[in-house]
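Chemist: take a look and give me a structure for this.
(2 chains)
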Amino acid sequence: MKSSSTKTIVATGLGAALFMVLFMFVKVPSPVPETNLQIAYGVSAFFAALFGPLCGFLVAFIGHALNDFIAYGSPWWSWIVASGVSALVTGLASSKIAPRVEEGIFGKDEIKVFVLYTAIGQAVAWLLVAPILDVVLYKEPVNLVFTQGAIAFVMDLLCAAIIGGLLLKAYASTRTGKGTLSKND
Amino acid sequence: MKTKLFSYNQLDTFVHRLSGLTKLLCFILLTSTVMLTYDIRVNIVIMILSAVMMRISKIRFSQIKIMLIYVLIFLATNFVLTFLFAPMYGTEIYGIRHDLFTIAGSYVVTKEQLFYQITKFSKYLSVIPLGMIFIFTTHPSEFASSLNAVGVSYRVCTSLSLTLRYFPDVTRDYTTISLAQQARGLEMSGKAKFADRAKSIAGILVPLILTTIDRIDLISNAMDLRGFGKNKKRTWYARRPFQVSDYACMAVCALILLVTLYIRFVINGNYFYNPFVQ
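Modeler: From the prediction side, this is the model:
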């Protein structure tokens, strides 16, 4: 992406708003009872891949924290931090993905990198950060939080990888690459 | 669909007149107070305090009813799950065991477990009203300026205030696109199959993201034209100067935190308040 810091700031702000809207209103009930697929993680992965780790972290962190504030009155910090971390790790791939996507290319190599970083990010977030912070901050029982983390990991990985990938593909197809104009004989 | 973010209500009460920074600091101080110990007595004091503050800031029950229902469902689920996954956690913490009655097999209800879970319940219940008071009495623009005042970079604060500003717009976009797609025959309700619903979500998400990207270009160009980000610091239109009452409130909250720390380290000597072993 054009390395303009203003653009990153604005993208962070609007990305977080988008994350919040999806987090609040779009809940797809998953095949596992009593759980929802959070489409919003696809959006945070998308913004992270395009605008870098800090933007990704803040999109998920601000979006999730404000959502908790509005829905419950008080944020559940451990999971909010975990949301942020998941997008942060995906954002580390942005130097490899963003310039290609800006040229309209989101092919096999980019998809592989994107899915790999997303998987690492979601694993770190839900299998390590969220349960450990739950135990440290809230003194929740250990095996409860790790079970919850594992469920969240599977669902959010699905959302982030599939939705994020689809969005990047759609966005790439709106960009025009170098040398795409050809002379009409 | 609710488009108004933060049901901030413009009133002129003692709590509303406090500066946003004061409210943020008090919120942080009091929530850390609750976080730093596992003491039911502290939780009850904070709960009473926040009930009084809610009274003063004239928050009506009807405003918080839906939130409260969500919170209670969440806490009830957590209560049951905690018992299912760790029925002996209380005994482990307090180092003693008093059985009350047996449910089945290893699921024995002990006094310690009950005390641990009730304390946890009260812990969450005492933090939640603080957040509610904060969001009901702080103007959204003041929120970002107060975060900046506690040392968060103004770039991050600008992102936050853009989020607050554009949340209603993005919600409106989402509604419009969703209705347009439904008019074209997209089934969104529970009647559709899981795969179909997932597909229709994508049909909404792609236009929504592309609209947002256009809007990002527009706003960032406008901000660049006005020289945003040129200086290291910024001033905020929504910042309020401190009054005597601001200092008084912060002093009270800091005092509560100090007393709690004294109880935690000197009287209890442990993270968990333990009435079972003296």
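Chemist: switch to C-alpha atoms for all contacts and neighbour counts from now on
Modeler: Will do.
Chemist: ok, A:Y171 - contacts?
Modeler: With contact taken as C-alpha atoms under 8 Å, 6 or more residues apart in numbering or on different chains, A:Y171 is in contact with A:V101, A:G104, B:L210.
Chemist: can you do 10 Å?
Modeler: A:Y171 sits next to A:F46, A:V101, A:E102, A:G104, A:I105, A:F106, A:G165, B:V206, B:P207, B:I209, B:L210, B:I213 when contact means C-alpha atoms under 10 Å, 6 or more residues apart in numbering or on different chains.
Chemist: what about residue 110, neighbour count?
Modeler: Picked chain A for this. Neighbour count of A:E110, defined by other C-alpha atoms under 10 Å in any protein chain shown: 20.
Chemist: actually chain B
Modeler: 21.
Chemist: what values do phi and psi take at it?
Modeler: Main-chain torsions, B:T110, degrees, to the nearest 10: phi -110, psi 160.
Chemist: quick check: it touching B:M88?
Modeler: Yes: with contacts counted by C-alpha atoms under 10 Å, B:T110 reaches B:M88, the gap being 7.8 Å.
Chemist: stretch B:200-209 and chain A, any residue contact?
Modeler: Yes: against chain A, stretch B:200-209 shows contacts by C-alpha under 10 Å from any C-alpha of the partner chain at B:I201, B:A202, B:L205, B:V206, B:P207, B:L208, B:I209.
Chemist: any shared contact partners between B:T110 and B:M88?
Modeler: Here B:T110 and B:M88 have B:R97 as joint contacts, going by C-alpha under 10 Å, 6+ apart.
Chemist: what's the closest non-adjacent residue to the residue in the stretch 151-278 of chain B that chain A sits nearest to?
Modeler: Nearest to chain A in the stretch 151-278 of chain B, going by C-alpha to the nearest C-alpha, is B:S159, at a distance of 4.1 Å. Nearest residue to B:S159 in three dimensions, chain neighbours excluded: A:G13, at 4.1 Å (C-alpha to C-alpha, 6 or more residues apart in numbering or on different chains).
Chemist: same thing with B:W236?
Modeler: Nearest to B:W236 is B:S145, by C-alpha to C-alpha, 6+ apart, at 6.0 Å.
Chemist: repeat that for A:W126.
Modeler: The spatially closest residue to A:W126, leaving aside those adjacent along the chain, is A:G149, at 4.8 Å (C-alpha to C-alpha, 6+ apart).
Chemist: averaged pLDDT, the helix or strand where that neighbour lies. What do you get?
Modeler: Taking DSSP states H and E as the definition, A:G149 sits inside helix A:142-172. Computed over helix A:142-172, the mean pLDDT rounds to 88.
Chemist: which stretches of chain A have low pLDDT?
Modeler: Residues of chain A meeting the criterion pLDDT under 70: A:1-4, A:28-36, A:73.
Chemist: picking that back up, how close does the residue nearest to B:S159 sit to B:C157?
Modeler: Counting by C-alpha to C-alpha, to the nearest Å, the separation of A:G13 from B:C157 is 9 Å.
Chemist: got any residues that touch both of those two?
Modeler: B:T163.
Chemist: care to break chain B down by domain?
Modeler: Taking automatic domain parsing as the reference, chain B has its domains at B:19-138+B:243-278, B:143-229.
Chemist: for the last one, how far is the first residue from the last?
Modeler: In other words, domain B:143-229. End-to-end for domain B:143-229, by C-alpha to C-alpha: 20 Å.
Chemist: so who does B:C249 touch?
Modeler: With C-alpha under 10 Å, 6+ apart, B:C249 has these contacts: B:V15, B:L18, B:T22, B:K23, B:L25, B:C26, B:L255.
Chemist: now do the strands in chain B.
Modeler: Counting by DSSP state E, chain B has strands at residues B:99-104, B:107-110.
Chemist: with mean pLDDT added, can I get the ones you listed in TSV?
Modeler: Listed next are the strands of chain B as TSV, based on pLDDT from 0 to 100:
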stretch	mean pLDDT
strand B:99-104	81
strand B:107-110	85
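Chemist: right, and these - which one's nearest chain A?
Modeler: Ranking those by proximity to chain A (C-alpha to the nearest C-alpha) places strand B:107-110 first, at 15.2 Å.
Chemist: in its sheet, what does that closest one sit against?
Modeler: If you go by DSSP bridges, strand B:107-110 pairs up with strand B:99-104 (antiparallel).
Chemist: in the strand it pairs with, what's buried?
Modeler: By neighbour count, with 16 or more other C-alpha atoms under 10 Å in any protein chain shown as the criterion, strand B:99-104 contains no buried position.
Chemist: need the contact partners of that strand.
Modeler: Under the criterion C-alpha under 10 Å, 6+ apart, residues B:T91, B:Y107, B:V108, B:V109, B:T110, B:K111, B:E112, B:Q113, B:L114 lie in contact with strand B:99-104.
Chemist: now do the first one: how many residues are near it, please.
Modeler: Neighbourhood size, B:T91 [other C-alpha under 10 Å]: 19.
Chemist: my read: it touches B:Q113, true?
Modeler: Yes: judged on C-alpha under 10 Å, B:T91 makes contact with B:Q113 at a distance of 6.3 Å.
Chemist: what do these two both touch?
Modeler: Counting by C-alpha under 10 Å, 6+ apart, the common neighbours of B:T91 and B:Q113 are B:R97, B:H98, B:D99.
Chemist: my guess is the first one meets B:L114, correct?
Modeler: So that's B:R97. No: at 11.3 Å, B:R97 does not count as touching B:L114 under the criterion of C-alpha under 10 Å.
Chemist: now do the shared contacts for the two.
Modeler: The contact sets of B:R97 and B:L114 overlap at B:G90, B:T91 (C-alpha under 10 Å, 6+ apart).
Chemist: before we move on, back to that, what's around the residue nearest to B:S159, how many residues?
Modeler: Look at A:G13: counted by other C-alpha under 10 Å, it has 30 neighbours.
Chemist: for it, give me its contacts.
Modeler: Counting by C-alpha under 10 Å, 6+ apart, A:G13 makes contact with A:7, A:19, A:55, A:58-59, A:62-63, B:156-167, B:216.
Chemist: now with 7 Å, please.
Modeler: Residues near A:G13 by C-alpha atoms under 7 Å, 6 or more residues apart in numbering or on different chains: B:S159, B:L160, B:L162, B:T163.
Chemist: next, it: secondary structure please.
Modeler: helix (DSSP: H, G, I helix; E, B strand; the rest coil).
Chemist: how near is it to B:T77?
Modeler: Note on A:G13: its distance to B:T77, by C-alpha to C-alpha, is 33 Å.
Chemist: circling back: so the residue nearest to A:W126 makes contact with A:V124?
Modeler: No: with contacts defined as C-alpha atoms under 7 Å, A:G149 does not count as touching A:V124, sitting 10.2 Å away.
Chemist: those two: which is more packed in?
Modeler: Counted by other C-alpha under 10 Å, A:G149 and A:V124 do not tie: A:G149 has more neighbours, with 22 against 17.
Chemist: what residues are up against that one?
Modeler: Residues counted as contacts of A:G149 (C-alpha under 7 Å, 6+ apart) are A:W126, A:L127, A:A130, A:P131.
Chemist: kindly report the same for B:V206.
Modeler: By C-alpha under 7 Å, 6+ apart, the contact set of B:V206 is A:L167, A:A170.
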